[in-house]
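A.B. asks: curious how this folds, go ahead:
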Amino acid sequence: MSKPQPLLQCPLLFLLILQLSHVSHADVGTAAQYSPPYIPTACYGNDASQFPSSNLFATAGEGIWDNGAACGRQYLVQCISASVPRTCIPGQTIQIRIIDRAVSSASRPTTEGVTMVLSNTAFAAIANGSRASINVEYQQV
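C.D. replies: Next up is the predicted model:
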């Protein structure tokens, strides 16, 4: 008589192990916010058509700027933590488009040296209040 396979004896345990072993391809960084004026931008100058109708856009920090290759890239962004409890809106993920370089943007971010600087609309979609910066998980789409 053959010895039974342990995982086959408990299919729920097998499914749980599969769920827990999910591999994420997202990166972790920081995000701040900035207010208008949003133009001119390093990517598209004064072209107003660069802005998505949702107003979910951002400037790239030096870590993702990539000598301008970040222009037009889209990222899924989610707030994962902040210095003040309950700042993040749980489960809220947005898709943003990079339209500028943070160090040269027309408006200054609330915090320097972050991974990305979100428009006011994008920041408010994933975080409560006007914190200087939040910790985010982001993934290029």
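A.B. asks: host element of the residue nearest in space to the middle of the chain?
C.D. replies: Central residue of the chain (C-alpha atoms, centre = their mean): residue 77, 2.5 Å from the mean position. For residue 77, the host element (DSSP states H and E) is strand 74-81.
A.B. asks: just the buried positions in that strand, please.
C.D. replies: 74, 75, 77, 78, 79, 80 (16 or more other C-beta atoms under 10 Å). C-betas here are computed from N, CA, C, even on glycine.
A.B. asks: that one - what's its average pLDDT?
C.D. replies: What strand 74-81 shows for mean pLDDT is 97.
A.B. asks: with stretch 122-141 instead?
C.D. replies: For stretch 122-141, the mean confidence score works out to 92.
A.B. asks: okay, buried residues for that stretch please.
C.D. replies: 122, 123, 125, 126, 127, 131, 133, 134, 135, 136, 137, 138.
A.B. asks: give me the subset of those lying in helices.
C.D. replies: Using DSSP state H, 122, 123, 125, 126 are the members of those that sit in helices.
A.B. asks: bridged to residue 34, which residues?
C.D. replies: Beta bridges link residue 34 to residue 119, judged by DSSP bridges.
A.B. asks: which one of the buried residues of strand 74-81 is nearest residue 93?
C.D. replies: Distance to residue 93 across the buried residues of strand 74-81 (C-beta to C-beta) is lowest for residue 78, with 4.5 Å.
A.B. asks: leaving out chain neighbours, which residue sits closest to the closest one?
C.D. replies: residue 93 (4.5 Å; C-beta to C-beta, 6 or more residues apart in numbering).
A.B. asks: neighbours around that neighbour, how many?
C.D. replies: 14 (other C-beta atoms under 10 Å).
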